[in-house]
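Participant: I'd like to go over a predicted model; first the sequence, then the structure.
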Amino acid sequence: MWLSRGCVKAATSSVGRRLSRAVAGGRRKSHAAAAAAAAVAVAAFMPEAAGFQGVRDRAGLHEFSVASKENFWAAVARRRLDWISPFRGVLDCDMERGKVSWFRGGQLNVSVNCLDRHARGSPEKVALIWERDEPGSEVKVTYRQLLEMTCRAGNLLRRHGVKRGDCVTIYMPPCPLAVASMLACARVGAAHNVVFAGFSAEALAERIRDARSSTVITVNESVRGGKVTRLKATVDQAVRSCPTVRQVFVVMRTDTPVAMTTADVAMEEEMMSEDVVCEPAAMDSEDVLFLLYTSGSTGKPKGLVHTQAGYLLYTALTHKYVFDYHDGDVFGCVADIGWITGHSYAVYGPLANGGTTVLFESTPVYPDPGRYWEMVERLKINQFYGAPTAIRLLLKYGDQWVRKYDRSSLRTLGSVGEPINTEAWEWYHSVVGDGRCPVVDTWWQTETGGICIAPRPSEPHAEIVPGMAMRPFFGIKPALMDGQGQVVTSDGASGALCLTQPWPGMARSIHNDHQRFVDTYFKTYPGYFFTGDGAHRSEDGYYQITGRLDDVINVSGHRIGTAEIEDVVNHCSAVAESAVIGCSHHIKGQGVYAFVVLKQDAQEADLASQINSSVSNKIAKYACPDHIQFVQRLPKTRSGKIMRRVLRKVVERDLDGLGDLSTLDDPAAVQEIIQGHRDLCAKQEKSSSSSSSSSSHDDGK
Ligand code: 6R9
């Protein structure tokens, strides 16, 4: 027995006491030194941390950001935004009523934060690299130039009567004037409503009407993947059913002239005579910055409302810390500006940070599947941010398209829009990133404004699990809910993903329909923001997103409500009714599967192509069904509700999982549908050897 009483006694004798004091002192000193070093390290990582009591490392910083969110965000907002007048309150919030406001009393101008303050110090720094469709024809725009462009556009808008509180619809491909138009709106205090340029005239018109825009900005034509599209013609068609529209500004992307009406304004020409100085409007933190329409589970797209200060701050902070963006880096987000990813990470986040950002006009396979990586080499991109659907597509073309190009500039690879499967993740990591770049699978939504869950920031060598978004960002506290609406407390469990407290980037409302905002996001789990997604929390406490829980499907990372597609299909004259569900698709992630019941005497011939062209005309190409199965009737409950669960199981070929069919009005319908599905598969397998399904990567996300 070593530790006899005698020994213990000796250790407490005076010599022993001195000895143990010296040891403890040494330990204390080295603890103190280590703590000081850690404090220096965390302050080097995020300077605000120096003022946060008790924060010693990055994990501590996250804890602080959640537990003391107001202190955290106030410090970040003071340091990282330029204010015209300082905010007085940090957060007012009533989650049950969907009322959230950040930085009350503060005034600022978003365009000043994105441009003027950087142009002052580094006017010749490149703000935008416009990566045009033809490789090698990129155009660089400095902060000075972008500020001038924005001011001229702002003055032009003002001269044409656009004022604070108006909403300008922008229907343009990614290009410097599109960014300048967004920022010009912000400069004069108008909101913008960017509509993805792949949307049809009807979809555009619906969004213009809902936003009550009197001004539209567009281009004569867009150029993408070598294909020219006459966007102005689409706008002409759209505005015919938009009585609110007074004027259309037209930018010339190509040399092809377009017919101009009296309501049309040649934008570049008129900008020439405008001043390069434009007084910025002093905007309140909670004034509207933009609307962005996205699909929900009903037929009508919703215009999510984002406001000034909180959104800008959140995109700036996530851009910096999730991607480890440093001054001088070239940030390459290939999303189209028509989606939230383009707003937050091609425009606002990078520009707020004074960064250099790429605007990608082309497609991943134009002129060949090496396009992304050739661009990475040519522009020396440091952070590349793309979508799993494109990665899956490129993976199939083989490694040689990647290896051909020098990718040594890359430091971080990002993924967004949908779950990234392990195979795609591994390929992205090991082939594209040569195994040396962290892959950040970033989970977020139009509603959240910016990234909410991602593997970084974390300690520099913290593990990253393939296909997992993993760690909540600063200020984000997720919760999983069980079927009874209770919070799941254990790890190694799944549930409905909610966010338990407000963050500055969150949407504030649905335009013209605050009640829908409350009902959609705050009613299901009172007091929580419900994301509509399901998630799993691993034994280690990491989050993995499992997919939508509602009737929204995700085609190549684009959200589309099944009800929206059904609306269009049901409008075809031969169609009696339809049910649309998502089905798995090897490249797009999810495809669209439509079950269609025809009216009596209607003929099937040509109907599929009629349905496809209707969907493409009324919504967009990406929403077209991949499969159309004509059926005699749909499985319905006795109360007349379509049992989509049954349809999903049939398409997944999980016949054992059909479950209880006793509530069905006519159980025989299911057998017919199963047989019809088999026949359709057999038919498609036969023809698929000769052709492939419609292009999937074609929407720039
Ligand atoms: C940013 C964006 C949002 C929906 C979201 C979810 C899906 C996005 C994801 C992801 C798994 C990811 N989603 N990122 N699913 N892993 N990393 O895409 O916004 O167009 O509004 O779509 O996309 O289902 O709810 P948005």
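Facilitator: Received, thanks. Residues are numbered from 1 along each chain as shown.
Participant: quick one: contacts for residue 303?
Facilitator: 193, 207, 210-211, 291-293, 510-512 (Cβ atoms under 8 Å, 6 or more residues apart in numbering). For the C-beta atoms, the positions are set from N, CA and C on the backbone; glycine is no exception.
Participant: only the buried subset of these, as a PyMOL command please.
Facilitator: To isolate in PyMOL the members of the contacts of residue 303 that are buried, counting by 16 or more other Cβ atoms under 10 Å, one can use:
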select buried, resi 193+207+210+211+291+292+293+510+511
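Participant: restricted to helices, list the contacts of residue 303.
Facilitator: Applying DSSP state H to the contacts of residue 303, the entries found in helices are 207, 210-211.
Participant: what's the closest of those to residue 414?
Facilitator: Comparing the ones in helices among the contacts of residue 303 against residue 414 with Cβ to Cβ picks out residue 207 as the nearest, at 27.8 Å.
Participant: residues contacting the closest one?
Facilitator: By Cβ under 8 Å, 6+ apart, the neighbours of residue 207 are 169, 193, 195, 199, 293, 301, 303.
Participant: which one of the ones in helices among the contacts of residue 303 is nearest residue 338?
Facilitator: Closest to residue 338, out of all of the ones in helices among the contacts of residue 303 and judged by Cβ to Cβ, is residue 207, at 10.7 Å.
Participant: distance of that closest one from the ligand?
Facilitator: Computed with Cβ to the nearest ligand atom, to the nearest Å, the distance linking residue 207 and the ligand is 15 Å.
Participant: for that residue, give me the pLDDT.
Facilitator: We note a pLDDT of 96 for residue 207 in this prediction.
Participant: can you list contacts of stretch 421-434?
Facilitator: 373, 384, 388, 391-392, 395, 399, 402-403, 407, 410, 413, 415, 420, 435, 437, 439, 441, 466-467.
Participant: out of those, which are buried?
Facilitator: 373, 384, 388, 391-392, 395, 402, 407, 410, 413, 415, 420, 437, 439, 441, 467.
Participant: out of the residues you listed, the closest to the ligand would be?
Facilitator: Using Cβ to the nearest ligand atom, residue 441 comes nearest to the ligand of these, at 4.9 Å.
Participant: just the helices in the stretch 51-200 of the chain please.
Facilitator: All helices of the stretch 51-200 of the chain, identified by DSSP state H, counting those that start in this stretch, fall at 58-67, 69-80, 110-111, 117-121, 143-159, 176-188.
Participant: dump those helices to TSV, plus distance to residue 687, mean pLDDT and mean neighbour count.
Facilitator: Below are the helices of the stretch 51-200 of the chain laid out as TSV (distance: least, Cβ to Cβ, whole Å; pLDDT from 0 to 100; neighbours: other Cβ atoms under 10 Å):
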stretch	distance to residue 687	mean pLDDT	mean neighbour count
helix 58-67	52	96	18
helix 69-80	55	98	19
helix 110-111	51	99	27
helix 117-121	55	98	16
helix 143-159	49	98	23
helix 176-188	40	99	27
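Participant: which of those helices sits closest to residue 518?
Facilitator: Using Cβ to Cβ, the helices of the stretch 51-200 of the chain put helix 69-80 closest to residue 518, at 21.8 Å.
Participant: how about the contacts made by residue 162?
Facilitator: 168, 185, 188, 190, 214-215.
Participant: tell me the pLDDT at it?
Facilitator: Confidence score, pLDDT, at residue 162: 98.
Participant: surely residue 611 is within a strand?
Facilitator: No: Residue 611 is assigned helix when assessed by DSSP: H, G, I helix; E, B strand; the rest coil, not a strand.
Participant: need the residues of this protein near the ligand, please.
Facilitator: 294, 339-341, 416-419, 441-446, 469, 531-533, 545, 548, 554, 557, 559 (Cβ under 6 Å from any ligand atom).
Participant: report the secondary structure state of the residue lying closest to residue 627 once chain neighbours are set aside.
Facilitator: The shortest distance from residue 627 to any non-neighbouring residue, by Cβ to Cβ, 6 or more residues apart in numbering, is to residue 593 (4.7 Å). Following three-state DSSP, the label given to residue 593 is strand.
Participant: helices along the stretch 551-700 of the chain, start to end?
Facilitator: Using DSSP H, counting those that start in this stretch, helices in the stretch 551-700 of the chain cover 562-571, 607-618, 644-651, 668-688.
Participant: low-confidence ranges in the stretch 601-701 of the chain?
Facilitator: Confidence mapping of the stretch 601-701 of the chain against pLDDT under 70 gives the ranges 638-640, 663, 689-701.
Participant: thinking again about what came up before, okay if I get the helices of the stretch 551-700 of the chain as a markdown table plus mean neighbour count?
Facilitator: Shown next, in a markdown table, are the helices of the stretch 551-700 of the chain (neighbours: other Cβ atoms under 10 Å):
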| stretch | mean neighbour count |
| --- | --- |
| helix 562-571 | 20 |
| helix 607-618 | 17 |
| helix 644-651 | 20 |
| helix 668-688 | 13 |
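Participant: could I get the helices of the stretch 51-200 of the chain as JSON lines with distance to residue 368?
Facilitator: Formatted as JSON lines, these follow (distance: least, Cβ to Cβ, whole Å):
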{"stretch": "helix 58-67", "distance to residue 368": "41"}
{"stretch": "helix 69-80", "distance to residue 368": "41"}
{"stretch": "helix 110-111", "distance to residue 368": "38"}
{"stretch": "helix 117-121", "distance to residue 368": "36"}
{"stretch": "helix 143-159", "distance to residue 368": "31"}
{"stretch": "helix 176-188", "distance to residue 368": "26"}
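Participant: the ones you listed: which one's closest to residue 245?
Facilitator: helix 143-159 (14.5 Å).
Participant: elements contacting that closest one?
Facilitator: helix 117-121, strand 126-131, helix 176-188, helix 267-272 (3 or more Cβ pairs under 8 Å, 6 or more residues apart in numbering; DSSP states H and E).
Participant: just the ones in helices among the contacts of residue 303 now: which is nearest residue 220?
Facilitator: Using Cβ to Cβ, those come closest to residue 220 at residue 207, 20.6 Å.
Participant: quick one: which of the buried ones among the contacts of stretch 421-434 sit in strands?
Facilitator: 384, 413, 415, 439, 441 (DSSP state E).
Participant: re the thing from before, now the two most distant members of the contacts of residue 162.
Facilitator: Among the contacts of residue 162, 188 and 214 lie farthest apart (Cβ to Cβ), at 13.8 Å.
Participant: got a list of what the residue most central in space within the chain touches?
Facilitator: By Cα atoms, centre = their mean, the chain has its centre lying nearest to residue 341, at 3.7 Å. Taking Cβ under 8 Å, 6+ apart, we find residue 341 in contact with 333, 335, 385, 416-417, 701.
Participant: low-confidence ranges, the chain, go.
Facilitator: 1-29, 297-299, 638-640, 663, 689-701.
Participant: for residue 163, the count of nearby residues, please.
Facilitator: 11 (other Cβ atoms under 10 Å).
Participant: quick one, phi psi at it?
Facilitator: The phi and psi values for residue 163, taken as degrees, to the nearest 10, are phi -140, psi 170.
Participant: with residue 282 instead?
Facilitator: According to degrees, to the nearest 10, residue 282 has phi -90, psi 110.
Participant: OK, contacts around it?
Facilitator: 84-85, 107-109 are the contacts of residue 282 under Cβ under 8 Å, 6+ apart.
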